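> Quick one, what's the 3D model for this:
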Amino acid sequence: MAKRKDVRVTVILECTNCARNGVTKVSRGISRYITQKNRHNTPNPLELRKFCPYCYNHTIHGEIKK
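Numbers count the residues shown, from 1 in each chain. I've put the predicted structure just below:
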């Protein structure tokens, strides 16, 4: 029997500022958050404004592929 597609999916949000600049000696890494979204209500990639501990301010975190 085939599995049906789940409506709620787990997504990973990554800091766009850190990803754009790349990992350097100044920045220790890339900030990532894990959350869920409803596939029917939000078909587009999710973008939220979250705190990045590496940039020390609130930046846009965009959805990435697993």
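> can we go C-alpha only for contacts and neighbour counts from here?
OK.
> dump the residue contacts of residue 66.
With contact set as Cα atoms under 8 Å, 6 or more residues apart in numbering, residue 66 has these partners: 11, 12.
> The chain: helices as residue ranges?
Taking DSSP state H as the criterion, the chain carries its helices at 16-21.
> On the pLDDT front, check the residue most central in space within it for me.
Nearest residue to the geometric centre of the chain (Cα atoms, centre = their mean): residue 13, 0.7 Å. Looking at residue 13, its pLDDT is 94.
> do the same with the one 5 residues further on
The predicted structure scores residue 18 at 82 on the pLDDT scale.
> Do me a favour and get the end-to-end distance for stretch 18-31?
Taking Cα to Cα, to the nearest Å, stretch 18-31 runs 7 Å from one end to the other.
> Just give the closest residue to the residue nearest to the centre of the chain, not the sequence neighbours.
Nearest residue to residue 13 in three dimensions, chain neighbours excluded: residue 63, at 4.5 Å (Cα to Cα, 6 or more residues apart in numbering).
> Could you do residue 14 as well?
Here the residue nearest residue 14, using Cα to Cα, 6+ apart, is residue 32, at 4.5 Å.
> same check, this time on residue 30
Spatially, and ignoring its direct neighbours in sequence, residue 30 is nearest to residue 18 (5.6 Å; Cα to Cα, 6+ apart).
> Share the number of residues neighbouring the one you found, please.
For residue 18, the count of nearby residues is 20 (other Cα atoms under 10 Å).
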